[in-house]
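Chemist: need the 3D shape of this:
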Amino acid sequence: MDSPTTPLKCEHCGFHAKSNGIMAAHVLVHIGEHHFRCKSCDFSTQWKSHLTAHAQKHVNEAKPFACAECDFRASYNSDLAKHMLSHSGEKPFECTMCDYRAAQKAHLARHLLVHTGAKQFHCAHCDYRASTKGNLTRHLLVHSGEKPFKCKHCDFRSSQKTRVVKHMRNHNEEKPLACGSCSYRTHHKHHLAKHTLTHNTTAHN
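Modeler: The predicted structure is shown next:
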């Protein structure tokens, strides 16, 4: 059988063929023509795949330092050294205020904002301020109305993952918050606070 299941497309132009034979005959028209040219040097070729392979040489030249564990490449050896920490699990940067450790200095700097209370990220729609860009991004979901977090058991959705986690307790019947005076248990702090008031009222009576 010579006919493929899907139409073949010529790498050089918009021509389509229904069989390998027709495509092979068409490609002869392009022999000798170099349609694909490198943007970084004067290399040119008839084949897109050859240009792709050639372009990788420039990438390797610009980023000569390659990771032995994955496809990561770096322009500087120092950048490769930082990347290698993600494979070794080593976290040399330590917070002086708590037990937090980080593989990269930038991650430690971001963590320190938790201790300093600095909130440099401002919401453009309200007075909300955040110490990290990630927190601001999550906050912006409140304004956009987007609710990317969904319950696995029902149609409940929320803009915040923590709300979905709390909601999920309704399905698994987990009630982690317990009253210290009786057997009452609940999912929510405000429910427990309200319940505790009943004991205070009884005590006063």
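Chemist: mark out where each domain of this protein begins and ends.
Modeler: When the chain is parsed with automatic domain parsing, its domains come out as 63-118, 123-173, 175-205.
Chemist: any idea of the mean pLDDT for the longest one?
Modeler: In this case it means domain 63-118. For domain 63-118, the mean pLDDT works out to 84.
Chemist: can you put the domains of the chain in a markdown table and add mean neighbour count and distance to residue 53?
Modeler: From N, CA and C alone the C-beta is placed, and that goes for glycine too. Shown next, in a markdown table, are those (neighbours: other Cβ atoms under 10 Å; distance: least, Cβ to Cβ, whole Å):
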| stretch | mean neighbour count | distance to residue 53 |
| --- | --- | --- |
| domain 63-118 | 13 | 15 |
| domain 123-173 | 13 | 38 |
| domain 175-205 | 12 | 57 |
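Chemist: what kind of secondary structure is the residue nearest in space to the middle of the chain in?
Modeler: The structure's the chain has its C-alpha centroid closest to residue 134; by Cα atoms, centre = their mean the separation is 11.0 Å. Classification of residue 134 using DSSP: H, G, I helix; E, B strand; the rest coil returns helix.
Chemist: could you shift the numbering so residue one becomes 126, and keep it that way?
Modeler: Right, with 126 as the first residue, what we last looked at is residue 259.
Chemist: how confident was the prediction at it?
Modeler: Reading off the confidence values, residue 259 has pLDDT 82.
Chemist: for residue 272, same thing?
Modeler: For residue 272, the pLDDT comes out at 85.
Chemist: name the nearest residue to it, sequence neighbours excluded.
Modeler: residue 282 (3.9 Å; Cβ to Cβ, 6 or more residues apart in numbering).
Chemist: run through the bridge partners of that neighbour.
Modeler: Counting by DSSP bridges, residue 282 forms beta bridges with residue 275.
Chemist: tell me who's in contact with it.
Modeler: 272-276, 289 (Cβ atoms under 8 Å, 6 or more residues apart in numbering).
Chemist: how long is stretch 221-228 end to end?
Modeler: Stretch 221-228 stretches 15 Å from its first residue to its last (Cα to Cα, to the nearest Å).
Chemist: who touches that stretch?
Modeler: Residues outside stretch 221-228 that contact it (Cβ under 8 Å, 6+ apart): 207, 210-211, 214-220, 233, 236-237, 240.
Chemist: quick one: which of those residues sit in strands?
Modeler: Assignment to strands by DSSP state E places the following of these there: 218-219.
Chemist: kindly reformat the contacts of stretch 221-228 as TSV containing distance to residue 249.
Modeler: Shown next, in TSV, are those (distance: Cβ to Cβ, whole Å):
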residue	distance to residue 249
207	33
210	35
211	33
214	38
215	39
216	35
217	37
218	32
219	35
220	31
233	28
236	25
237	25
240	26
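Chemist: ok, so of the contacts of stretch 221-228, who is nearest residue 315?
Modeler: residue 240 (28.3 Å; Cβ to Cβ).
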